[in-house]
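# sequence first, predicted model second:
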Amino acid sequence: MTDKEFRDAAVAKFASELAHLRLTTRGLKSFTPPASSEWGKALKDRDDGLALLAQIGAVVEPPPPPPPTGTLPATITAGGIYRGIREGQVLIRTDQPVVIEDFEVRYGGTGYAIDAQYPGAKALIRRGRFPNIGGTGQAIWSYGYDRIEIENCEINGFWGIRLDNGRSGSITKILRNKLRNQVFDEGTNGNGKWLSHPIQTANTSSPGVLEIAWNECIGEFGKSNTEDMISLYNSSYAKVHDNYCQGAYPKTLSGSSWSGNTKYSGGGIIADGPQANFNELYDNIVVDTMNYCVAIAGGHDNKAYRNRAVCDSRNDQGQPFTAISSGGIGFYIADYSNSPSFVNNKLYDSVVGVIGTSGNRNDYWSPIAGAISGITTLPNPIDHQKELAEFQGWQQKVAAAGVKIGI
């Protein structure tokens, strides 16, 4: 299904329902939405060309939306356009095209704030807020989907986003989102499974499109508890580009991210798992992510290029982290996934300045001759000021590209 077909299907479904349904609210007479109302305007989308879905790589933003009003349903069982506020979870239980936009989900549990675990799910989720009210489950989760697009959302706390087992030919787009201080419920996940990631795709080997771009993921030491910031686990053919990742930390200066593990193993952006193949990681900026910044740790025919990595392996007060599994490194290529084929993986044309936990430079490494090339190393000192400069560079990059991140 093309972008236009997906959009038209959602709008047609919505228009059909409006044409035959008279809405009744408690204490009010039945009414049909006027053409000037938000629902009425939705009917005009088809004719005036407003895109419900952005084209691949395009940045097409409507005017800033008003604060959410109305109520999102607890369970969505039919395609259409849904807006409003939900106190609790939202379950998508249909394979018809669903658009959830201009919304806020307030969920403080350990499950999924938006749960699209439905065979063949198709959802566009955009311009939404997930405020931090103590939730440690995933903000958005789907399994076995056909199409999931997450655009211009703001996720504060939570586990983050996990999209799993996209079907063959599936469309996955995670674009222009703002994520802060991802956490997880250690009591539930302390066995090492389901560690939190701001963004993760998993077990999606033959997508039509898998794009993760222009996201801003920031964690603060002492407020976040995350593993890899952007994780491609057993996922293939992904384009991961123009993202900013800052702050992947252990729980303490000398402690791990989860009970039972003596050293922190998280980091920045990684292609991981024995079936992570044909991925491209490029034009990303990774700052202060302990253990590693950009890595290829499984699969074959993966490429990482034009990335920047700066890390001093210290907190903002200059105190060093000591329990880091790799000792803190910028870039690496090594098969930690027992891949059946670990060939043609390359990392090149990138910039790095990383101090390891030993206090010495630890910019890049691979046991494979020629796997890493064309690396520019930043001059010493590598310190907090250089890290701050990378964020300023990111802000300038976003402004120059005319990209709007978050709402």
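Everything's here; your move.

# tell me how many other residues surround residue 164.
Counted with other C-beta atoms under 10 Å, residues neighbouring residue 164 total 18. No exception for glycine: its C-beta is placed from N, CA and C like everyone else's.

# actually residue 165, not the one I typed
Quick note: residue 165 (other C-beta under 10 Å) scores 18 neighbours.

# for it, give me the pLDDT.
As predicted, residue 165 sits at a pLDDT of 96.

# do the same with the one 5 residues further on
For residue 170, the pLDDT comes out at 97.

# residues touching it, list them.
145-148, 204, 207-208, 210 (C-beta atoms under 8 Å, 6 or more residues apart in numbering).

# looking at this structure, which helix or strand is least sure?
Within the chain, no helix or strand scores below helix 38-48, which has a mean of 48 by mean pLDDT, DSSP states H and E.

# circling back to that earlier point, which one of the contacts of residue 170 is nearest residue 276?
Nearest to residue 276 out of the contacts of residue 170 is residue 204 (C-beta to C-beta; 10.1 Å).

# that closest one: how many residues sit nearby?
Count around residue 204 with other C-beta under 10 Å applied: 24.

# wait, isn't it in contact with residue 168?
No: here residue 204 does not reach residue 168: they are 9.3 Å apart, not a contact under C-beta atoms under 8 Å.

# torsion angles phi and psi at the nearest residue to residue 120 once chain neighbours are set aside?
Counting by C-beta to C-beta, 6 or more residues apart in numbering, residue 120 lies nearest to residue 95, which is 3.8 Å off, once chain neighbours are set aside. Main-chain dihedrals, residue 95, degrees, to the nearest 10: phi -100, psi 10.

# again, but for the one 10 residues further on
The phi/psi pair for residue 105 (degrees, to the nearest 10) reads phi -110, psi 120.

# measure it to residue 154 for me?
As judged by C-beta to C-beta, to the nearest Å, residue 105 and residue 154 stand 11 Å apart.

# and those two? Which one has more around it.
residue 105 (27 against 19).

# circling back: intersection of neighbour lists for residue 105 and residue 154?
Joint contacts of residue 105 and residue 154 (C-beta under 8 Å, 6+ apart) are 128-130.

# list the ones among those that fall in strands.
Under the assignment DSSP state E, the shared contacts of residue 105 and residue 154 contribute 128-130 to strands.

# so what's the residue count around residue 376?
With other C-beta under 10 Å as criterion, residue 376 counts 11.

# quick one, what contacts the closest residue to it other than its chain neighbours?
Closest residue to residue 376 apart from its sequence neighbours, by C-beta to C-beta, 6+ apart: residue 351 at 4.7 Å. Residues in contact with residue 351 (C-beta under 8 Å, 6+ apart) are 307-309, 375-378.

# among the contacts of residue 170, which ones are buried?
145-148, 204, 207, 210 (16 or more other C-beta atoms under 10 Å).

# for beta bridges, what are the partners of residue 141?
Per DSSP bridges, the residues bridged to residue 141 are residue 115, residue 162.

# oh, that last question was meant for residue 105, not what I typed.
Here residue 105, judged by DSSP bridges, has bridge partners residue 86.

# doesn't residue 71 make contact with it?
No: if you go by C-beta under 8 Å, residue 105 and residue 71 don't touch, sitting 11.3 Å apart.

# overlap in contacts of the two?
Between them, residue 105 and residue 71 share these contacting residues under C-beta under 8 Å, 6+ apart: 85-86.

# can you give me the buried ones in stretch 202-222?
Here stretch 202-222 shows 202-205, 207, 209-219, 221 as buried, counting by 16+ other C-beta under 10 Å.

# quick one: which of those sit in helices?
Nothing among the buried residues of stretch 202-222 maps onto helices, per DSSP state H.

# return the subset of those lying in strands.
Reading strands off the buried residues of stretch 202-222 with DSSP E, I get 202, 209-213, 216-218.

# from residue 239, how far out is the closest residue to residue 208 other than its chain neighbours?
Nearest non-adjacent residue to residue 208, counting by C-beta to C-beta, 6+ apart: residue 169, 4.4 Å away. According to C-beta to C-beta, residue 169 stands 16 Å off from residue 239.

# between the two, which one's more packed in?
residue 239 (17 against 12).

# thinking again about what came up before, which of the shared contacts of residue 105 and residue 154 ranks first by neighbour count?
residue 128 (29 neighbours).

# beta partners for that residue?
Counting by DSSP bridges, residue 128 is bridged to residue 103.

# show the pLDDT at it.
We note a pLDDT of 96 for residue 128 in this prediction.

# show me what contacts it?
By C-beta under 8 Å, 6+ apart, the contact list for residue 128 reads 100-105, 153-154, 407.

# I'd say residue 338 and residue 274 touch.
Yes: counting by C-beta under 8 Å, residue 338 does reach residue 274; the two are 6.1 Å apart.
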